[in-house]
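Enquirer: Structure here, sequence nowhere to be found:
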């Protein structure tokens, strides 16, 4: 996160202008990093239009925090890439949390959602289908 200015002091001037954040394949991203990302999405990164965390293995207990941050990002995200993040691996509750993002107004500007390489079973697919 520090490479893009996000890890800089809270008054970092570049954060509000950032439109695209790609952490794809960053194997060191864990619970604490995801919690920080979630917090930043609700604040300094609320203008973000594209988020890619493909290949980041999101722990089962971090999905609620992550989706809350994404939902709290003022609904400006246009592209969300969650490819190969382990969504649905442990159970389908993470799939339901992702589905909740596309319901209502949480991500009203979302145009692209990549979920490939995850573990969407019947319940997860039904949740996505119902949300669409």
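Expert: Structure's in. What do you need? All of these numbers come straight from a predicted model, not from anything done at the bench.

Enquirer: Could you give the separation between the terminal residues of stretch 42-56?
Expert: 20 Å (C-alpha to C-alpha, to the nearest Å).

Enquirer: Quick one: list the elements packing against the longest helix belonging to the chain.
Expert: Assignment by DSSP state H gives helix 31-42 as the longest helix of the chain. When contacts are defined as 3 or more C-beta pairs under 8 Å, 6 or more residues apart in numbering; DSSP states H and E, helix 31-42 packs onto helix 63-71. Any C-beta I mention is one placed from the backbone N, CA and C, and that applies to glycine too.

Enquirer: For residue 95, which three-state class applies?
Expert: helix (DSSP: H, G, I helix; E, B strand; the rest coil).

Enquirer: Tell me, how many residues neighbour the residue nearest to it when sequence neighbours are not counted?
Expert: Computed as C-beta to C-beta, 6 or more residues apart in numbering, the closest residue to residue 95 that is not its neighbour in sequence is residue 124, at 2.9 Å. When neighbours are counted by other C-beta atoms under 10 Å, residue 124 registers 22.

Enquirer: try residue 119
Expert: 15.
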